[in-house]
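Asks: structure of the sequence below:
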Amino acid sequence: MTDACNFACPICYERRFLRKGQEIDRPALDAIFADIGERQAAASIPQNRMYVVVFGGEPLCVGDRSLIRRVLESVARRGWRAVIVTNGSLVDQYFDLFSEFREAIADFRITLDGPPAIHDARRPYLGGGSSFEAVSHSIGLLLERRLPVKMQTILGAGNIAVLDELVAALDGRGWLDSPDFQWRIEGSHDYANLDAVKDELSEGKMVASLVRLWDRFPRLRGKMKFESFKYLGHIVRSFGWLGEYKTYWGPRFGFCEPQKGFHFVYSADGLIYHCPRSIGDKRFLIGGAGDDPSLKAKFRRSALDRGECISCEMNTLCGGGCLVQKAAHSKFDCRSYAAGILEEFIALMTDRIVVRSRPDRLVPVNQPW
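Replies: Alright, predicted model coming up:
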């Protein structure tokens, strides 16, 4: 929607091009929706499987506020759903509009990164100032009106030690009792901005902390969602049936949704990029709204299509890995990285795996039933 943002988050992977003043206009917005419709038709995707993610920058910072209405009208008219990714500070200014189009809104993604002091250090306003109360107010307001919120926490070295305090804050506000509240956990992966100081932690260390949190607060089990642990996600699915009838999930050939060819990112000027982390990077430019949909194919290569991946024993665990990460880190050793995550998982979960195993129900991989 816009490159502008009223926050100045130090871990933002878009900060290299934010606040350039680029903002979508009505012709570009209409061209984008037409392009999405053509791609839907070409791929025969049902309406109820179509999601338009509204993001920026901070999308609610858009100068022409009628554009937000136009997005929701366009989504509703086509029978699609909108996911609104916002920092939460301006939600109350659009609340009547969101209530009007509640049926067209799948959920709101609003980041709360810790208790007040930690969140404010990671999510300050542009120019300084606390954002915790404004963000919390918006989440509470949406939940009161039964609008679904997937609160996000970007986990890193700066906030992993205060998760207990954050859970206490969520519980104290009654959010854990809301059927419309979920907590989406993901890691900090700033692939494009090669800063000397990193906030990143390994997936294994993050999950170790989350497992302890899960055990300490059983009420979280219906609320916590782990949607961005690309390596561990596949491992967990493979082990998830252990002790049941199925013991093997199967090989993995692609790393992420964009590489599978059904995820497109449109910039404010109507250009299409590979993924959110690559926006503004011409190396990952696909084309523009209205271009041939087959242009996406250049980023759809699986691990089986890449010569450097064929001989690697980790290829069906990582699926070829993240293209943006490899481009940003020219010496990145993806084999060692994937192997390290697997080792961390085994060290973390060995006791649980052994306890859950039932030898009388395990079967060979080549005879799965």
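Asks: quick check: domain ranges of this protein?
Replies: Under automatic domain parsing, the residue ranges defining each domain of the chain are 1-228+262-299, 230-258+300-369.
Asks: quick check: Lys150 is in a strand.
Replies: Yes: the assignment for Lys150 is a strand, going by DSSP: H, G, I helix; E, B strand; the rest coil.
Asks: return the residues in contact with the residue lying closest to His137 once chain neighbours are set aside.
Replies: Leaving aside its chain neighbours, His137 sits nearest to Asp92 (7.3 Å; criterion: Cβ to Cβ, 6 or more residues apart in numbering). Every C-beta, even on glycine, is put in place using the N, C-alpha and C of the backbone. Contact analysis of Asp92 by Cβ atoms under 8 Å, 6 or more residues apart in numbering lists 137-138, 141.
Asks: could you pull out the strands for the stretch 151-300 of the chain?
Replies: 181-187, 224-226, 265-266, 271-273, 285-288 (DSSP state E, counting those that start in this stretch).
Asks: mind putting those strands into JSON lines with mean neighbour count, distance to Ala76 and mean pLDDT?
Replies: Listed next are those as JSON lines, based on neighbours: other Cβ atoms under 10 Å; distance: least, Cβ to Cβ, whole Å; pLDDT from 0 to 100:
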{"stretch": "strand 181-187", "mean neighbour count": "20", "distance to Ala76": "23", "mean pLDDT": "90"}
{"stretch": "strand 224-226", "mean neighbour count": "16", "distance to Ala76": "26", "mean pLDDT": "80"}
{"stretch": "strand 265-266", "mean neighbour count": "22", "distance to Ala76": "19", "mean pLDDT": "92"}
{"stretch": "strand 271-273", "mean neighbour count": "21", "distance to Ala76": "23", "mean pLDDT": "91"}
{"stretch": "strand 285-288", "mean neighbour count": "18", "distance to Ala76": "25", "mean pLDDT": "89"}
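Asks: for Cys334, find the nearest of those.
Replies: Closest approach to Cys334 among the strands of the stretch 151-300 of the chain is made by strand 181-187 (16.1 Å; Cβ to Cβ).
Asks: and the angle from that closest one to strand 149-155?
Replies: Angle, strand 181-187 to strand 149-155, by axes from the mean of the first three to the mean of the last three Cα atoms, to 10 degrees: 20 degrees.
Asks: hmm, back to that, in ChimeraX, select just the buried ones from the contacts of Asp92.
Replies: Buried residues among the contacts of Asp92 (16 or more other Cβ atoms under 10 Å), as a ChimeraX selection:
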select :138,141
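Asks: ok, back up a step: just say helix, strand or coil for the residue nearest to His137.
Replies: helix.
Asks: can we start the residue count at 40 from this point?
Replies: Okay, residue one is now 40; in that scheme the one you just asked about reads as Asp131.
Asks: how close does it get to Ser170?
Replies: 14 Å (Cβ to Cβ, to the nearest Å).
Asks: quick check, central residue of the protein?
Replies: For the chain, Ser267 is the residue whose C-alpha lies nearest the centre (Cα atoms, centre = their mean; 5.7 Å).
Asks: my guess is that residue contacts Glu225. True?
Replies: Yes: contact criterion Cβ atoms under 8 Å: Ser267 and Glu225 qualify, at 3.5 Å.
Asks: what about the helices in this structure?
Replies: Secondary structure of the chain (DSSP state H): helices located at 65-82, 105-117, 134-139, 155-161, 171-183, 202-211, 242-255, 269-279, 296-299, 346-349, 354-357, 362-367, 373-395.
Asks: export the fifth one to PDB, keeping only CA atoms.
Replies: What follows is helix 171-183, C-alpha atoms only, in PDB (Å, rounded to 0.1, in the frame of the first residue of the first chain):
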ATOM      1  CA  PHE A 171       3.000  -0.700  23.600                       C
ATOM      2  CA  GLU A 172      -0.300   0.800  25.000                       C
ATOM      3  CA  ALA A 173      -1.500   1.900  21.500                       C
ATOM      4  CA  VAL A 174      -0.900  -1.600  20.100                       C
ATOM      5  CA  SER A 175      -2.500  -3.300  23.100                       C
ATOM      6  CA  HIS A 176      -5.500  -1.100  22.900                       C
ATOM      7  CA  SER A 177      -6.000  -2.000  19.200                       C
ATOM      8  CA  ILE A 178      -5.800  -5.700  19.800                       C
ATOM      9  CA  GLY A 179      -8.300  -5.400  22.700                       C
ATOM     10  CA  LEU A 180     -10.600  -3.300  20.600                       C
ATOM     11  CA  LEU A 181     -10.700  -5.800  17.800                       C
ATOM     12  CA  LEU A 182     -11.200  -8.800  20.100                       C
ATOM     13  CA  GLU A 183     -14.100  -7.000  21.900                       C
END
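Asks: got the contact list for that helix?
Replies: Under the criterion Cβ under 8 Å, 6+ apart, residues 126-128, 130-131, 134, 137, 147, 149-151, 154-155, 158-159, 162, 187-188, 190, 208, 212, 214, 217, 219-220 lie in contact with helix 171-183.
Asks: those, buried ones only, as a PyMOL selection?
Replies: In PyMOL syntax, the buried subset of the contacts of helix 171-183 is picked out as below (16+ other Cβ under 10 Å):
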select buried, resi 126+127+128+130+137+147+149+150+151+154+158+159+162+187+188+190+208+214+217+219+220
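Asks: give me the distance between the two termini of stretch 345-362.
Replies: Stretch 345-362 stretches 12 Å from its first residue to its last (Cα to Cα, to the nearest Å).
Asks: may I see the buried residues of it?
Replies: Across stretch 345-362, burial judged by 16+ other Cβ under 10 Å covers 348, 351, 353-362.
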